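S.K.: Mind folding the following:
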Amino acid sequence: MSSIYEATCDDIFNYLTSTVDRFNTKLPTVTMSFFEIAGDNCHDLLNQFHPTQLLSCSDGNVHAYPLTEPKVTVVAI
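M.R.: Residues are numbered from 1 along each chain as shown. A predicted model of the protein is given here:
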């Protein structure tokens with residue numbers, strides 16, 4: 001049984017691959033980030049648990065910043 005992360009990655013890349021094949025376009029850039037919110041603390045899990053901030057944007061969304069966000073080209077577990 002795969003984790004929800006693996007299943008999500010499979011779904012994303014399967015969708016993108018079918019879109020590229022169907023519309024004969026270039027595969028878009030995919031990036032990812034992982035962060036943990038514990039109480040009042042937020043940490044970047046891809047950057048040695050480096051502390052980050054939660055910032056409110058003018059559109060009403062909250063974003064963790066700064067975060068490590070590498071490009072992803074394949075699903076590899």
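S.K.: Point to the residue nearest the middle of the protein.
M.R.: M32 (2.6 Å; Cα atoms, centre = their mean).
S.K.: what lines up beside the lengthiest strand in the chain in the sheet?
M.R.: Under DSSP state E, the strand in the chain containing the largest number of residues is strand 50-56. The pairing partners recorded for strand 50-56 under DSSP bridges are strand 41-44 (antiparallel), strand 62-65 (antiparallel).
S.K.: Tabulate the ones you listed in CSV, adding columns for mean pLDDT.
M.R.: Shown next, in CSV, are these (pLDDT from 0 to 100):
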stretch, mean pLDDT
strand 41-44, 96
strand 62-65, 92
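S.K.: low-scoring pLDDT stretches of the chain, where are they?
M.R.: 1-2, 77 (pLDDT under 70).
S.K.: Quick one: the helices in it, in order.
M.R.: Under the criterion DSSP state H, the chain contains helices at 4-23.
S.K.: quick revisit: and the residue nearest to the centre of the chain, how close does it get to F23?
M.R.: Between M32 and F23 the distance is 23 Å, computed by Cβ to Cβ, to the nearest Å. Where C-beta positions appear, they are placed from N, C-alpha and C, glycine not excepted.
S.K.: Check Q48 too.
M.R.: Relative to F23, and taking Cβ to Cβ, Q48 is found at 39 Å.
S.K.: This completes my enquiry, with thanks.
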